[in-house]
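Asks: 3D model of this:
(chains A and B)
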Amino acid sequence: MWVYEKKLQYPVRVSKCDPRMARFLMEQYGGADGELAAALRYLNQRYTIPDKVIGLLNDIGTEELAHLEMIAAMVYKLTKDATVAELEAAGLGPHYANHDNALYYENAAGVPWTATYIQAKGDPIADLYEDIAAEEKARATYQWLIDMTDDVDLQDSLKFLREREIIHSIRFREAVEIIKDDRATKKIY
Amino acid sequence: MKENPEVRVYPVFHSPFDPCPPKLYRSYVVPINQYIVFQPPGLPQFSPAEALRHGTLWPSLYSPYTSRKFKGE
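Replies: Numbering: from 1, shown residues only, chains lettered A, B, ... in the order given. So this is what the prediction gives:
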């Protein structure tokens, strides 16, 4: 069960009318290394991970939903007032044909999100290493997105999200250390 | 602008027959998280307001990043 707070995790301000950027941001909305993939990956893997790290997957998966909401706010702000011609000029013509101004879970190239982006192998080491890789890929994606805009307010929110990926990566690597550590404990059957 | 200590740079091979003006170097970031196996307790902390802005409570886990657009890359 979740409790919803009606505010963003970190403020999202967009100060430049740039629908083109909305399209690129979709990579973090419905892309392979995006926030939707991250949230669903962790919140699903948590059922079959050792007890000591369930809480970590639960917390990070929940935070990814908050990040997803921030990306949605950015995309929405960048497209809500755009005319059809402006959307077409920004490369969003195919998106408009299918979705009008609605958001949709697809990547920057318009490829719809698929569950094949994520895995749940049932093996804690395999799953946690996938999670670490996912965080570093998302961190890199944020770097390329920051590179693509000169809107300092948008950059500010993206830098916050990039830093969170770095922290999540540390936490997942600590989780690996925690489940490795079990060999020191005395087993009584 | 202060050089980001997390940036690594390597030279890129370029041929006299390359079609585009060469980029001599490529760079990438190795964030601070790669050097921490397990965060030790008792690290110094940002104030809450600074922590929100930085995206982390701990200065030693903070990784700055500057847009390549601003660096002319």
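Asks: Can you tell me how far A:Leu65 is from A:Val111?
Replies: Distance, A:Leu65 to A:Val111, by CB to CB, to the nearest Å: 22 Å. Quick note: C-beta positions are derived from backbone N, CA and C, even for glycine.
Asks: If you count surrounding residues, which of the two has more?
Replies: A direct count of neighbours by other CB atoms under 10 Å in any protein chain shown for A:Leu65 and A:Val111 places A:Leu65 higher, at 18 against 12.
Asks: burial of residue 36, as a residue count?
Replies: Unless you meant another one, I'm taking chain A. 21.
Asks: think we crossed wires, I meant chain B
Replies: B:Ile36: 16 neighbours (other CB under 10 Å).
Asks: For it, which non-adjacent residue is spatially closest?
Replies: Nearest residue to B:Ile36, sequence neighbours excluded (CB to CB, 6 or more residues apart in numbering or on different chains): A:Ile170, at 5.8 Å.
Asks: Could you tell me whether A:Val14 really is in a strand?
Replies: No: applying DSSP: H, G, I helix; E, B strand; the rest coil, one finds A:Val14 to be coil, outside a strand.
Asks: Skipping adjacent residues, who's closest to it in space?
Replies: A:Lys77 (4.5 Å).
Asks: Quick check, pLDDT for the one you found.
Replies: Note on A:Lys77: pLDDT of 96.
Asks: Okay, and it sits in which element?
Replies: helix A:51-79 (DSSP states H and E).
Asks: List the buried residues in that helix.
Replies: A:53, A:56-57, A:60-61, A:63-68, A:70-75, A:77-79 (16 or more other CB atoms under 10 Å in any protein chain shown).
Asks: What are the contacting residues of the helix or strand just after that helix?
Replies: Sequence-wise, the next helix or strand downstream of helix A:51-79 (DSSP H and E) is helix A:84-89. If you take CB atoms under 8 Å, 6 or more residues apart in numbering or on different chains as the criterion, helix A:84-89 is touched by A:Pro19, A:Arg20, A:Thr79, A:Gly93, A:His95, A:Tyr96, A:Asn101.
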